[in-house]
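*Asks:* Build me a model from this:
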Amino acid sequence: IEGAAERVRRLVPRAKVAIGHGQMAEGMLERVMLDYDAGRFDVLVCTTIIESGLDIPNVNTIIINNADKFGLAQLYQLRGRVGRGAARAYAYLLYEKHRALSEVAQKRLQTIFEATELGAGFQIALRDLEIRGAGNLLGAEQSGQIGTVGFDLYVRLLADAVQAMKAVAKGEPPPPSSIAPAVVIDVPIAAFIPESYVGDLNLRLSLYQRMATAEALDAAETLEREFQDRFGPPPTPVRNLLYIVRLRVLAKRAHVASIAREEGPAGRPVLSLRTTDGYDVRAQMAPAARRELERADGVTVGHQQIRIDTEVAGDRWREILLQALEAAAGADLVA
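*Replies:* Numbers count the residues shown, from 1 in each chain. Predicted coordinates for the structure are as follows:
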């Protein structure tokens with residue numbers, strides 16, 4: 001640590017540099033921290049001893065050396081030592097230039113980089129759980145596959161398994177799963193995030209995951225604003241991907257199990273919207289919305305299926321598909 005402090009002094013000769021670490025005598029360490037708080041030093045070169053309990057509002061910059069060697073919780077705590085006042089704060093996470101980072105280290109640093117909003121600590125904790133794994137909850141073996149399915153789905157799978165075991169213990173049949181099957185969407189558009197638009201693989205995967213789990217009606221609009229702000233105007237494949245997000249959110253509310261391409265009359269391609277078993281989409285639609293939908297070119301509304309002839313609909317098939325889902329989900333949209 002003395003060598004690091006000396007390097008700082010050479011880089012910034014006019015800066016007053018102090019040192020703090022856990023092997024210092026208690027009184028000496030206390031004096032250093034009080035002097036630093038009082039502004040008698042410009043730079044504090046220290047160990048992770050400052051990661052919790054330090055509140056100096058006028059400190060606005062932290063440089064964390066060898067950041068790839070720290071855990072997520074440590075990095076989050078260290079970053080929280082700055083920005084505690086009104087001044088804008090900066091955190092620089094450094095690692096060796098010519099050394100390859102492990103996949104886990106890259107995920108940790110990416111998580112810290114992305115988690116900047118207020119209350120991000122809980123999301124960081126969940127991400128840490130996914131990266132490191134939850135382990136065998138009821139045994140001594142500490143391993144698991146939580147990262148494969150994500151924390152939210154893992155918890156729901158676990159809850160279903162517990163309910164099934166309780167039912168079996170009582171001699172009852174297991175209850176139906178609480179995990180709704182995914183909506184199958186197969187539409188004739190190219191939808192992906194180009195590498196030229198978002199270069200980092202981990203970030204692209206994170207964005208894909210957020211899109212796949214989106215449930216709010218305005219999720220696509222929120223994501224589009226974020227894309228625009230972070231990466232610039234979205235290219236066509238990304239806009240198509242956001243369109244599919246809208247389809248998926250509406251399909252869940254409309255009890256639509258799949259949107260797929262099929263061969264219609266005379267071999268013409270059609271898009272078929274099939275509802276879940278027992279759901280009469282025609283009966284659930286508001287009469288005015290159904291009549292307006294049926295007036296659209298190439299649309300047929302059945303009890304458990306809506307068909308859109310894409311040749312007849314032409315370029316309007318995307319608009320008509322959204323209209324069909326909104327009509328089918330009308331009551332849920334109001335709720």
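
*Asks:* Just confirm Phe192 is within a helix.
*Replies:* No. Counting by DSSP: H, G, I helix; E, B strand; the rest coil, Phe192 falls outside a helix, being coil.

*Asks:* Quick check: the gap between it and Val270.
*Replies:* In this view, Phe192 and Val270 are 25 Å apart by C-beta to C-beta, to the nearest Å. Yep, even glycine has a C-beta here, placed from its N, CA and C like the rest.

*Asks:* More neighbours: the two, which one.
*Replies:* Between Phe192 and Val270, Val270 has the larger neighbour count (other C-beta atoms under 10 Å), namely 21 against 13.

*Asks:* for the host helix or strand of the more buried one, what is the average pLDDT?
*Replies:* Counting by DSSP states H and E, the element that carries Val270 is strand 269-275. For strand 269-275, the mean pLDDT works out to 83.

*Asks:* Tell me how many other residues surround Ala87.
*Replies:* 13.

*Asks:* Identify the residues contacting the residue nearest to it when sequence neighbours are not counted.
*Replies:* Excluding the flanking residues, the one nearest Ala87 by C-beta to C-beta, 6 or more residues apart in numbering is Asn60, at 4.5 Å. Residues in contact with Asn60 (C-beta atoms under 8 Å, 6 or more residues apart in numbering) are 82-83, 85, 87-90.

*Asks:* Just those residues: which are in strands?
*Replies:* Residues of these located in strands (DSSP state E): Tyr90.

*Asks:* So which of the contacts of Asn60 wins on neighbours?
*Replies:* Val82 (19 neighbours).

*Asks:* How about that one: what's its closest non-neighbour residue?
*Replies:* Distances taken as C-beta to C-beta, 6+ apart place Ala89 nearest to Val82, at 4.0 Å, with adjacent residues excluded.

*Asks:* Could you pull up the contacting residues of the one you found?
*Replies:* 59-62, 82-83.

*Asks:* and what of Gln228?
*Replies:* If you count contacts by C-beta under 8 Å, 6+ apart, Gln228 has them with Pro234.

*Asks:* and it, which of the three is it?
*Replies:* helix.

*Asks:* burial count for Ile19?
*Replies:* As a burial measure, Ile19 scores 19 neighbours (other C-beta under 10 Å).

*Asks:* tell me which residues form a beta bridge with it?
*Replies:* Counting by DSSP bridges, Ile19 forms beta bridges with Val45.

*Asks:* was I right about it contacting Gly3?
*Replies:* No. Assessed by C-beta atoms under 8 Å, Ile19 is found out of contact with Gly3, at 10.8 Å.

*Asks:* And the strands in the chain?
*Replies:* Along the chain, counting by DSSP E, strands occupy 17-20, 43-46, 61-64, 90-93, 184-185, 256-263, 269-275, 299-301, 305-309.

*Asks:* Centre of the chain to the second one, how far?
*Replies:* This means strand 43-46. For strand 43-46, the distance from its own C-alpha centre to the chain's C-alpha centre is 35 Å (C-alpha atoms, centre = their mean, to the nearest Å).

*Asks:* Could you pull up the mean pLDDT of that strand?
*Replies:* The average pLDDT for strand 43-46 rounds to 93.

*Asks:* quick one on the thing from earlier: got a pLDDT number for the residue nearest to Ala87?
*Replies:* For Asn60, the pLDDT comes out at 88.

*Asks:* Tell me the confidence at Gly53?
*Replies:* 69.

*Asks:* Arg81 now?
*Replies:* 84.
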